[in-house]
Every structure is written in C-alpha cells, then in structure tokens.
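Engineer: structure for the following, please:
(chains A and B)
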Amino acid sequence: ELKVEQNPLFLSMQEGKNYTIYCNYSTTSDRLYWYRQDPGKSLESLFVLLSNGAVKQEGRLMASLDTKARLSTLHITAAVHDLSATYFCAAPDSSNTGKLIFGQGTTLQVKP
Amino acid sequence: NAGVMQNPRHLVRRRGQEARLRCSPMKGHSHVYWYRQLPEEGLKFMVYLQKENIIDESGMPKERFSAEFPKEGPSILRIQQVVRGDSAAYFCASSPDHFTEAFFGQGTRLTVV
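Structural biologist: Below you'll find the predicted structure:
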C-alpha cells in the first residue's frame, strides 16, 4: 500500500530565505503531483512530475523527482509572504485508477 | 469551459440529518473522485466513479456513506445520519480518463452541529 510522507509538516521562515520540502513515497509510482492550498480554499495544481530526474520551475518554486529514491522535493527560493500556504504532494496508487494518495501537507509561513 | 463545480460550498447539518453534496465535473470528463479532508490533515480518497458505475469505493466508510454518478446530472455524495466526526471539507475531482491529471472543485465544507 502506497504511503506518502512529507517533512517538515510546519515551516516558518523569513522572507528572502531558501528552503526545501521533502516528499517520500513508499512504493513505485510513475508520477508525482504538488499542490498548493490556501486556508479554506481548494487545491491549486503546481507541478506534475512524470519521469525520473524531472525538474520543473515556476517563479520561486522548483520541484524535482527521483523515482529511484522515491523522493520529490519542492524548493523555495527567496521566499515571499505570498507563498504562505499549505503544500501537498500526492502520488497515484498502484491500482491504476487515478486515485491519489496525499501527504500530510506542509504548512509554510513566511514572515516579513 | 467551467471548472469542476461543487455545491453547496458550505453546508450545516444537525446530528442525525442527511447531507447531500453535489459535484458537476468539467465538460467532457466522465471520471469523478471524491476526497475528504479533516481539519489540519491531508486529503483522503473516498470513492472513484465513472458514469453509472462505482469503480473503487475502498475509502468510503462502510455505513451511512454512499455515492452515485448517474447518466445525467451531477455526482452525489450522500451522508446519512451525520455525526460530528463527519465535519470536514469534501472535494471532488474530475478527469477525462484515469491517467490524466484530475482537476479539483472548490469543495463543500460540511459542519455538523
């Protein structure tokens, strides 16, 4: 059974700093998703990583996937307050139905 | 092309009442997934449906919960005799097939009082 774990679960950082959120998953998966969720809102798709070594960047966020290590990272560069949100990673399970298994989420708080 | 539409956005029910949550998928999408998000937690899969069929309901509680996706109309998640522990945000997502990324609706926030 696929398990997805994120760390840290909570991250408080100063504006301008860099940090990385880690997402480990327990069994083979051919893709990995990153989402952002603001309080009381839905999930906004950030990245879909489809292959080993995939790297995608959007603004101050960069995501990567290492399928051999079963690890994805979300790197934040020079954080700004607007990035404060909860970030989830998710992977499809082996049933091939498209259902996603989510990590617990990482709540990011960027202080001015 | 409107996104995935869920209604109501907020629903308050007293213990013992029934809750009906609706999800209209994006145009052309015939696959619907329901997820539940308890406070301060990640999303947990509940059920996967295609038109008129339940494909995977492995995440549904055994009692009081049911889901359908009729040939016409929205998908419905029904919770009978709600209890306080059912208070959560319920999200649906739709996709055109099981290997394309699904898009999420805005969610229905159910509060049981």
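Engineer: going forward, measure contacts and count neighbours with C-alpha atoms only.
Structural biologist: OK.
Engineer: enumerate every residue touching residue 105.
Structural biologist: Here I'm looking at chain A. A:6, A:9, A:86, A:87, A:88, A:89, B:41, B:42 (Cα atoms under 8 Å, 6 or more residues apart in numbering or on different chains).
Engineer: let's do chain B instead
Structural biologist: A:42, B:3, B:4, B:5, B:6, B:23, B:91, B:92, B:93.
Engineer: nearest residue to the fifth one other than its sequence neighbours?
Structural biologist: Right, residue B:6. residue B:23 (4.5 Å; Cα to Cα, 6 or more residues apart in numbering or on different chains).
Engineer: and the one you found, backbone torsions?
Structural biologist: Main-chain dihedrals, residue B:23, degrees, to the nearest 10: phi -140, psi 120.
Engineer: same question, residue B:26
Structural biologist: According to degrees, to the nearest 10, residue B:26 has phi -60, psi 150.
Engineer: same check, this time on residue B:92
Structural biologist: phi -120, psi 160.
Engineer: relative to chain A, how far out is it?
Structural biologist: 10 Å (Cα to the nearest Cα, to the nearest Å).
Engineer: and for that residue, the neighbour number?
Structural biologist: Using other Cα atoms under 10 Å in any protein chain shown, residue B:92 has 32 neighbouring residues.
Engineer: residue B:37 is in contact with that one, correct?
Structural biologist: No: counting by Cα atoms under 8 Å, residue B:92 stays clear of residue B:37, with 10.9 Å between them.
Engineer: so which residues of the chain form strands?
Structural biologist: Here I'm looking at chain A. Per DSSP state E, chain A carries strands over the ranges A:4-7, A:10-14, A:19-25, A:32-37, A:43-49, A:55-58, A:61-66, A:71-76, A:85-92, A:100-102, A:106-111.
Engineer: switch to chain B, please.
Structural biologist: B:5-7, B:10-13, B:19-24, B:31-37, B:43-50, B:53-56, B:65-68, B:75-79, B:88-95, B:103-104, B:108-112.
Engineer: want to try TSV for the ones you listed, with mean pLDDT as columns?
Structural biologist: Shown next, in TSV, are the strands of chain B (pLDDT from 0 to 100):
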stretch	mean pLDDT
strand B:5-7	96
strand B:10-13	98
strand B:19-24	98
strand B:31-37	97
strand B:43-50	96
strand B:53-56	95
strand B:65-68	98
strand B:75-79	98
strand B:88-95	96
strand B:103-104	94
strand B:108-112	97
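Engineer: select, out of those strands, the one closest to residue A:55.
Structural biologist: Closest to residue A:55 of the strands of chain B is strand B:103-104 (Cα to Cα; 21.7 Å).
Engineer: thanks again, I'm all set now.
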